[in-house]
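Novice: here's my sequence, what's the structure:
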Amino acid sequence: MKHNNWKITICLLWMIFANQNSYGWGLHTLIAQPIFASMPEISSRDSIEITSLDQFLLAVEAELALVLSQEEEWAQTNLERYHPLPTELIFQATGNSNDIRERFIKAIRINSHAKLIAYQQLLPAGDPGNKSVLKAGDITPLTQNRGFDNVIFVRLNPGEFVDPLSVLVTANDEPDMGLDVGLYEDNHTQDGQLYGLGIQPFGNPNLEYGSQAPIHMGLYHEGWLINSLAPFIKEGLPEYRIHLYKTLSELAFRSGQDYWGWRFMGWGLHYVTDLTQPYHASALPGVSTGKMIFINALDMLGFSGMKNEVIQLISNRHTAIEALERQLLEKVYLENDQDYLHFQTLRAPQFVPDYRDSFPRDIIAKHSQQQAQMLDRVIVGSMPALLVSNSDFELGSSAEQYEILSILQDLDDAQALRNLEDQLNDLLLQVSIYARSYALAILSEGG
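Specialist: Numbers count the residues shown, from 1 in each chain. Model (predicted):
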């Protein structure tokens, strides 16, 4: 059987990753705040001056050309099945201020329509005061913004001063604001034709959020059979982003451009914490390799019912657990419940290992992949069957996705919600450990 046939059919199974969204956690800000507010290395810092992206780039242009060249060399050496940056996109120090932003965006291969303005994403119950409130469309090129309906964004301006914690927490959510959408050849965008990343390896290339799936997910630990039949799953790029933004953050701090040091740190942390989510490290949680191959074979013979059912069920479970965590945290922020279990875990001092470049793949994603089956069982055993065990129901397009917490609280089974909270708490412990590790590694370089 030709490789392309396997690629087409197995990719159909993985369209789940774009069926609703490609988020690892709904609103990373909610998780980031208690972690970094509890770190005096961050929370006790003096306010810093905001600079625009152009100001930062012009200040570091000469060294940036060298740093990005070294970064490309690192990626080609360390990332399996990496698509090299096209020669014409290599960042050159030309001194031209008119196109420096465009040259940088192309060199790091992010969405060319990214706004990249200075803003702050407020926490639930946050007061914008006299600051200008922005619409989601002011900060993201995305057109599907329902998830930001109850989020407040406020404008910040170059020359103003802001505390580093706010910059870091806001930036931690920014990669989900469209930085990574539309970058592949089959996404029908100019970026996709220019960036040289090839055909989107998994996820649905025709859905807006789906096009970021390979950049936010690391399927590094599937069985040997899946890896043999579908080697393209190794083309996920979270390691690329994690290393790139760590390098840029260190450059910014080294150059006295602290605002962008914190902002790039937040970007990199996004992908680190995405990998702590089992749905971002496992192809089909709860589905064995044997069953996956069996479903694939049936689909090739024209019997697609089982494939469609599995895709819908996993999609619903993915949506349900992310929606629940977001709603739990939004509730405790509004109630200012500082003693809530997840807050305690995120704030608590942990043993933090010295960060290494191998962590995202070998430690974080591996642990998440190992937790995927357990998480799937807890979701199935604790949530109403309609939401997570009925393949005729699509949670992501329903009103119920915004009411998950209320639905669980109305059940005559308090233990069900506790089981889910406990399972999430185990995952958030990993978030806390490795987010701290990554941040401290950057700060140890002079941040």
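
Novice: Asn308 against Ser391, yeah?
Specialist: Yes - with contacts counted by C-beta atoms under 8 Å, Asn308 reaches Ser391, the gap being 7.2 Å. (Each C-beta comes from the backbone N, C-alpha and C, glycine too.)

Novice: tell me where the model's unsure across the protein.
Specialist: When residues are selected by pLDDT under 70, those of the chain lie in 1-24, 204, 206, 224-225, 227-230, 288-290, 303.

Novice: contacting residues for Thr29?
Specialist: Gln121, Leu123, Val169, Thr170, Asn172, Asp173 (C-beta atoms under 8 Å, 6 or more residues apart in numbering).

Novice: can you list the residue ranges for strands in the stretch 101-250 of the chain?
Specialist: For the stretch 101-250 of the chain, the strands defined by DSSP state E, counting those that start in this stretch occupy 119-121, 133-134, 153-155, 161-162.

Novice: which of those is buried the deepest?
Specialist: A comparison of those by mean neighbour count, using mean count of other C-beta atoms under 10 Å, puts strand 119-121 on top with a mean of 22.

Novice: neighbouring strands for that strand, and are they parallel or not?
Specialist: Sheet pairing of strand 119-121 (DSSP bridges) gives strand 153-155 (antiparallel).

Novice: run through who's touching the strand it pairs with.
Specialist: Contacts for strand 153-155 (C-beta under 8 Å, 6+ apart): 117-122, 128, 131-136, 138-139.

Novice: so Ala93 makes contact with Ala59?
Specialist: No - contact criterion C-beta under 8 Å: Ala93 and Ala59 do not qualify, at 12.0 Å.

Novice: once you drop chain neighbours, what's closest to Val287?
Specialist: Take Val287 and drop its neighbours on the chain: the residue closest to it by C-beta to C-beta, 6 or more residues apart in numbering is Val310, 6.1 Å away.

Novice: would you say the one you found is within a helix?
Specialist: Yes - Val310 forms part of a helix when assessed by DSSP: H, G, I helix; E, B strand; the rest coil.

Novice: neighbours around it, how many?
Specialist: 19 (other C-beta atoms under 10 Å).

Novice: residues touching it, list them.
Specialist: Residues counted as contacts of Val310 (C-beta under 8 Å, 6+ apart) are Leu13, Leu284, Val287, Ile295, Ser391.

Novice: before we move on, back to that, please identify which of the strands of the stretch 101-250 of the chain is closest to Leu405.
Specialist: Leu405 lies closest, by C-beta to C-beta, to one member of the strands of the stretch 101-250 of the chain: strand 119-121, at 21.1 Å.

Novice: which outside residues touch that closest one?
Specialist: For strand 119-121, contacts defined as C-beta under 8 Å, 6+ apart pick out 29, 131, 134, 138-139, 151-156, 162, 166-167, 169-170, 173.

Novice: repeat that with 7 Å
Specialist: Thr29, Leu134, Ile139, Val151, Phe153, Val154, Arg155, Leu156, Ser166, Thr170, Asp173 (C-beta atoms under 7 Å, 6 or more residues apart in numbering).

Novice: tell me the one of those nearest Gln350?
Specialist: Using C-beta to C-beta, Thr29 comes nearest to Gln350 of the contacts of strand 119-121, at 20.4 Å.

Novice: what helix or strand is the closest one on?
Specialist: helix 28-37 (DSSP states H and E).

Novice: buried residues in that helix, which are they?
Specialist: His28, Thr29, Leu30, Ile31, Ala32, Gln33, Pro34, Ile35, Phe36 (16 or more other C-beta atoms under 10 Å).

Novice: before we move on, the earlier item: turn the strands of the stretch 101-250 of the chain into TSV, including distance to Gly256.
Specialist: Listed next are the strands of the stretch 101-250 of the chain as TSV, based on distance: least, C-beta to C-beta, whole Å:
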stretch	distance to Gly256
strand 119-121	22
strand 133-134	28
strand 153-155	25
strand 161-162	15
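
Novice: and stretch 383-400, how far from the chain's centre?
Specialist: Centroid separation for stretch 383-400 versus its chain: 24 Å, with C-alpha atoms, centre = their mean, to the nearest Å.

Novice: which one of the contacts of strand 119-121 is nearest to Arg356?
Specialist: Asp173 (25.3 Å).

Novice: the residue nearest to that closest one when sequence neighbours are not counted and Arg109, how far apart?
Specialist: Residue nearest to Asp173 in three dimensions, not counting chain neighbours: His28, with 4.3 Å by C-beta to C-beta, 6+ apart. Here His28 is placed at a distance of 21 Å from Arg109 (C-beta to C-beta, to the nearest Å).

Novice: can you check Gly305 too?
Specialist: Applying C-beta to C-beta to Gly305 and Arg109 gives a distance of 39 Å.

Novice: those two: which is more packed in?
Specialist: Arg109 (24 against 11).

Novice: the more buried one touches Tyr184, doesn't it?
Specialist: No - with contact defined as C-beta atoms under 7 Å, Arg109 does not reach Tyr184; the gap is 10.4 Å.

Novice: before we move on, back to that, ok, and the most crowded of the contacts of Val310?
Specialist: That'd be Ile295 among the contacts of Val310, by other C-beta under 10 Å, with 25 neighbours.

Novice: pretty sure that residue is in a helix, no?
Specialist: Yes - looking at Ile295 with three-state DSSP, it is inside a helix.

Novice: touching, it and Met306? I think so.
Specialist: Yes - taking C-beta under 7 Å as the definition, Ile295 is a contact partner of Met306 at 5.1 Å.

Novice: can I have stretch 350-361 written out in CSV, keeping just the CAs?
Specialist: Output in CSV follows, covering the C-alpha atoms of stretch 350-361 (Å, rounded to 0.1, in the frame of the first residue of the first chain):
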residue,chain,number,x,y,z
GLN,A,350,7.8,22.7,43.4
PHE,A,351,11.0,20.9,42.7
VAL,A,352,11.9,22.6,39.4
PRO,A,353,14.5,20.8,37.2
ASP,A,354,17.0,22.8,35.2
TYR,A,355,15.4,23.2,31.8
ARG,A,356,16.9,21.3,28.8
ASP,A,357,15.9,21.5,25.1
SER,A,358,14.9,17.8,25.3
PHE,A,359,12.2,18.4,27.9
PRO,A,360,9.2,19.2,25.5
ARG,A,361,9.6,15.9,23.7
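
Novice: may I have the phi/psi pair for the residue of the chain most remote from its centre?
Specialist: Computed with C-alpha atoms, centre = their mean, the residue of the chain farthest from its C-alpha average is Leu301, at 35.4 Å. Dihedral angles of Leu301 (phi, psi; degrees, to the nearest 10) stand at phi -80, psi 0.
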